[in-house]
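Q: Pasting the sequence and the predicted model now:
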Amino acid sequence: MVETAENLAKQYEISREEQDEYALRSHQRAVAAKESGKFDSQIVPISIPQRRGDPVVFDKDEGPRSDSSMDVLGRLRPVMKDGSVSAGNSSSKNDAASVCLVVAEDKLEELGLEAMGFLKGWVVTGCHPATMGIGPVPAVSKLMDKVGMSLSDMTLSS
């Protein structure tokens with residue numbers, strides 16, 4: 001993944017400073033969402049028993065850092081020699097799990113469930129492995145065209 005990010009940074013001439021600025025904005029938005037409880041209903045707390053003492057409960061996203069700043073990000077060394085991708089401007093390693101139940105609309109009532117979203121369509125695209133990190137860009141563009149929507153029609157994206 002680091003190699004892909006470095007390849008894309010070179011191809012699109014994205015500077016280290018631009019990467020850090022984007023990372024900082026992303027952290028700030030994630031911290032604001034965390035503090036407002038925006039995604040609390042989507043997190044299932046996990047309790048980890050300890051040999052001694054109370055269990056450790058994980059019930060918040062641990063990734064967003066409220067103490068991030070351009071100064072802090074700028075001091076982090078790149079992962080690769082002569083690179084621009086650092087631990088501060090790239091995705092963190094995380095453990096997570098999710099489930100998605102896809103059913104016909106009439107099945108929702110039978111199951112007593114309320115839809116959280118609707119599947120409007122799907123597409124298949126591809127790109128060169130050296131720049132696979134850019135793959136979602138043409139995929140989303142192709143999908144929006146297919147379903148007659150634009151990104152401004154989305155109420156939430158990540």
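A: Great, that's in hand. Numbering: from 1, shown residues only.

Q: residue ranges of the helices in the chain, please?
A: Along the chain, counting by DSSP state H, helices occupy 2-11, 16-36, 70-75, 105-111, 136-147.

Q: Look up how far residue 39 lies from the residue nearest the centre of the chain.
A: Nearest residue to the geometric centre of the chain (CA atoms, centre = their mean): residue 158, 5.1 Å. Distance check for residue 158 against residue 39: by CB to CB, to the nearest Å, it reads 10 Å. (Each C-beta comes from the backbone N, C-alpha and C, glycine too.)

Q: Pull up the overlap in contacts between these two.
A: Counting by CB atoms under 8 Å, 6 or more residues apart in numbering, residue 158 and residue 39 have no shared contacts at all.

Q: thought residue 126 was touching residue 135?
A: Yes: in this structure, residue 126 is within contact of residue 135 by CB atoms under 8 Å, at 7.3 Å.

Q: Got the confidence number for residue 78?
A: Each residue has a pLDDT score; the one for residue 78 is 98.

Q: What of residue 93?
A: 83.

Q: neighbours of it, just the number please.
A: Residue 93 is flanked by 7 other residues according to other CB atoms under 10 Å.

Q: so what's it up against?
A: Residues touching residue 93, when contacts are defined by CB under 8 Å, 6+ apart, are absent altogether.

Q: For it, give me the backbone phi and psi.
A: Main-chain dihedrals, residue 93, degrees, to the nearest 10: phi -80, psi 130.

Q: How about the one 4 residues further on?
A: When quoted as degrees, to the nearest 10, the phi and psi of residue 97 stand at phi -150, psi 150.
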